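Asker: sharing a model prediction with you, sequence too.
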Amino acid sequence: MPSITPFLWFDDQAEQAAERYVEVFPSSRILSVDRYPEGAPQAGAAMSVTFVIDGLEVRALNGGPHYQLTEAFSLQVDVPDQAECDRVWDALIADGGEPGRCGWLKDRWGLSWQVIPAALPELLGDPDPARASRALNAMLTMEKIDVAALHAAADGVAAPA
């Protein structure tokens, strides 16, 4: 049976990125680090890292500056509530990451993430089209998703201060 594993290209920080990701997500760990052999210009440095983040196996390569990560690929993190949204968002954006729009961000290595609290798809799929539309319009103005503001918008009331 074939298996599919995301494979990420980094310049030279795959090991540092993997260490951060397994710190942020419970049930995560580094499985292996393959190092460049003696005689290579980067002898001893990590060549590739295989890790599991919250059950998803990922491989990362230190392949040099030839290719860059882009927003065309992202990892979506579904979180139960605002507290977990804040924790994950803050950890991923720390040390040089950049906020994006509508729950998206780039971490300091350029990997794009979507941090999505459970309330967002619930409100966007509300059977009342007016509620769903108000929630969508509110989301479009956000960087990190604000669950209370989404609910307020869906309900047609002012967002809490």
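Answerer: Received the coordinates, thanks. Residues are numbered from 1 along each chain as shown.

Asker: tell me the contacts of the residue positioned nearest the centre of the chain?
Answerer: Central residue of the chain (Cα atoms, centre = their mean): Trp113, 2.6 Å from the mean position. Residues in contact with Trp113 (Cβ atoms under 8 Å, 6 or more residues apart in numbering) are Ser74, Leu75, Gln76, Val77, Leu92, Trp104, Leu105, Lys106, Asp107. For glycine as for every other residue, the C-beta is placed from the backbone atoms N, C-alpha and C.

Asker: sec struct for it, please.
Answerer: Classification of Trp113 using DSSP: H, G, I helix; E, B strand; the rest coil returns strand.

Asker: bridged to it, which residues?
Answerer: With DSSP bridges applied, Trp113 shows beta-bridge pairing to Leu75, Leu105.

Asker: domains of this protein?
Answerer: 1-63, 71-156 (automatic domain parsing).

Asker: phi first, then psi, for the residue of the chain positioned farthest from its centre.
Answerer: The C-alpha centroid of the chain is most remote from Gly39, which lies 35.7 Å away (Cα atoms, centre = their mean). Backbone torsions of Gly39, given as degrees, to the nearest 10, read phi 100, psi -20.

Asker: do Phe7 as well
Answerer: The phi/psi pair for Phe7 (degrees, to the nearest 10) is phi -130, psi 120.
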